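Student: Please work out how this folds:
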Amino acid sequence: MDTVVRNTEHLRRKLLRLCAMVEENARRAVLAFRSRDRYAAVEIIKADEDVNLMEIAIEENCISLLNAASRDVEDTRLIVAALRINSDLERIGDLATNIARRVLHMGQSEQVLIPQELSTLANRTLEMLSNALDAFVDLDTEMAQRVCERDQEVDRLNRQMYDLVQERILADPAQTEKLISYLSVSRYLERIADYATNIAENVVFISEGNIIRHRNGDVFPPAP
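Tutor: Numbers count the residues shown, from 1 in each chain. Down below sits the predicted model:
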């Protein structure tokens, strides 16, 4: 195995470790939100520093490999995609932290019934993230395409949350602050799904060299 191959394989392993870290933080953030677990929220926020450090290390690794004198087309695609995926993973980590901060903001106050749409949105988002990362592990382009196709469902659920929150605020203005927190979490989850879609698109790029970004565009206008 030559030096370039060894180095790109090392890069791939580091990226897979970051995938595992970020997926775990996203899952823990959703669980903390559902249970109002302040301790877990604090731990998620602390763990984001490890994500940031790993993201920097991977970026430096990619730059070093891009400066290498010799590499084939497949290695170049992997390095370029790794830079993109690395950035998307870091942003997912930030969004998981944002959800955790919402848990701390909401505290242990009186529960507000979580709309089914928000629970479904959380489940769909975590499934998309898991599937996108699995697609990267296996370089499974069919699974990656399915992830891209599911993004519109998450967008639709997020838009429904805007309507539901508006209705509930009008019905009970005293719940406004808590409902706005739910709306923020909905938006964070929708963004995580967007980044999962980006990762899936890069799986196709690594495997086939095809750029499919913007080919799975929304058929709805963006949420306000």
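
Student: quick one, phi/psi of R36?
Tutor: phi 50, psi 40 (degrees, to the nearest 10).

Student: is it true that it touches H105?
Tutor: No - R36 is beyond contact range of H105, at 10.9 Å (criterion: Cβ atoms under 8 Å). In short, each C-beta sits where N, CA and C put it, glycine included.

Student: the helices in the protein, which residues?
Tutor: Assigned helices in the chain, in chain order: 3-35, 38-66, 73-106, 116-138, 141-171, 176-208 (criterion: DSSP state H).

Student: got the angle for the fourth one vs helix 3-35?
Tutor: If I follow you right, that is helix 116-138. Counting by axes from the mean of the first three to the mean of the last three Cα atoms, to 10 degrees, helix 116-138 points 160 degrees away from the direction of helix 3-35.

Student: pLDDT score for the spatially most central residue of the chain?
Tutor: Most central in the chain under Cα atoms, centre = their mean is I192, positioned 3.3 Å from the mean C-alpha point. Looking at I192, its pLDDT is 98.

Student: can you check T197 too?
Tutor: The model's pLDDT for T197 equals 97.

Student: Name the nearest residue to it, ignoring sequence neighbours.
Tutor: Leaving aside its sequence neighbours, T197 sits nearest to D151 (Cβ to Cβ, 6 or more residues apart in numbering; 4.6 Å).

Student: and the gap between the one you found and R27?
Tutor: Distance of D151 to R27, given as Cβ to Cβ, to the nearest Å: 19 Å.

Student: Tell me which residues are up against stretch 10-20.
Tutor: Residues from elsewhere that reach stretch 10-20 (Cβ atoms under 8 Å, 6 or more residues apart in numbering): 51, 54-55, 57-58, 61-62, 65, 78-79, 82, 85-86, 89, 133, 136-137.
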